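**Q** any chance you could fold what I've pasted below:
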Amino acid sequence: MEVRYGRLGVLGCVLAIAALAIAVAPASPNPARPKLETTLTAPITGGTAWCCGKSVEFGGSAVVPRIGRVHATGRFLGGCSFFTAPTPCFRRLDLTLVARNGDRVVLVGNDEWTRPSDPAPEVMTWATDPARSSGRFADLAASGTYTFHEAPDGSTVTIALLPQASQSKTPS
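**A** Okay, here's the model as predicted:
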């Protein structure tokens, strides 16, 4: 029995093979790195206050360049210990961004200064936490600065993330 393929049959086979080759091709060795630069405005979901500081918990969504829409949850903690002189002060951020496919990148910040000799920083620093990140972010090494603002009515927070000039993946 002889099988003959017309032009459309040959074209269909070529397209099917090309589609299969694209589907199983390995990922690019240098995929675009996420640029962790975004502004997130999220509703406050909880928190506490005490004599010398407060914590604010928040959650919401944002669009991050080269990642897309993410669900964000986090906690900001700040205060000073007025029981000693000079007075140690701190601000801490723990921010988790989860992509639609479940990949997670965790950003942490820990800034400290002493009053009255040091002014409070206008911007704080953050870095990725590879041990708590997953998927395509598991080995992402990035850092930068952020600002944190709470709405006067206490309903939302706004966090602006700015990356450092270079972000890379850590060596495997």
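**Q** which one is Cys80 nearest to, not counting chain neighbours?
**A** Cys89 (4.0 Å; Cβ to Cβ, 6 or more residues apart in numbering). All C-beta spots, glycine's among them, are computed from the backbone N, C-alpha and C.
**Q** which SS state does that neighbour fall under?
**A** Here Cys89 takes the strand state, with states given by DSSP: H, G, I helix; E, B strand; the rest coil.
**Q** and Thr147, what does it touch?
**A** Residues near Thr147 by Cβ atoms under 8 Å, 6 or more residues apart in numbering: 122-124, 158-160.
**Q** now, those residues that are in strands?
**A** 124, 158-160 (DSSP state E).
**Q** how about those residues in TSV, adding distance to Gly53 and neighbour count?
**A** Below are the ones in strands among the contacts of Thr147 laid out as TSV (distance: Cβ to Cβ, whole Å; neighbours: other Cβ atoms under 10 Å):
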residue	distance to Gly53	neighbour count
Met124	14	20
Thr158	19	14
Ile159	18	25
Ala160	22	15
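**Q** give me the residues contacting whichever strand or helix holds Val63.
**A** According to DSSP states H and E, Val63 maps onto strand 53-64. Residues outside strand 53-64 that contact it (Cβ under 8 Å, 6+ apart): 34-49, 69-80, 97, 150, 156-157.
**Q** show me how to select, in PyMOL, the buried members of those.
**A** Per 16 or more other Cβ atoms under 10 Å, the buried members of the contacts of strand 53-64 correspond to this PyMOL selection:
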select buried, resi 34+36+38+40+42+44+47+70+72+74+75+76+77+78+79+80+97+150+157
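**Q** what about the nearest residue to Cys51 once chain neighbours are set aside, how many residues nearby?
**A** Once flanking residues are discounted, Cys51 sits nearest to Phe82: 7.7 Å by Cβ to Cβ, 6+ apart. Neighbour count of Phe82, defined by other Cβ atoms under 10 Å: 13.
**Q** list phi and psi for Phe82.
**A** phi -80, psi 10 (degrees, to the nearest 10).
**Q** quick one: it and Cys52 touch, right?
**A** Yes. Counting by Cβ atoms under 8 Å, Cys52 is a contact partner of Phe82 at 5.7 Å.
**Q** separation between Gly102 and Ala72?
**A** 14 Å (Cβ to Cβ, to the nearest Å).
**Q** revised request: answer the last question for Cys51.
**A** Taking Cβ to Cβ, one finds Cys51 at 29 Å from Ala72.
**Q** now do the residue nearest to Cys80 against Val106, distance only.
**A** In terms of Cβ to Cβ, Cys89 sits 24 Å off from Val106.
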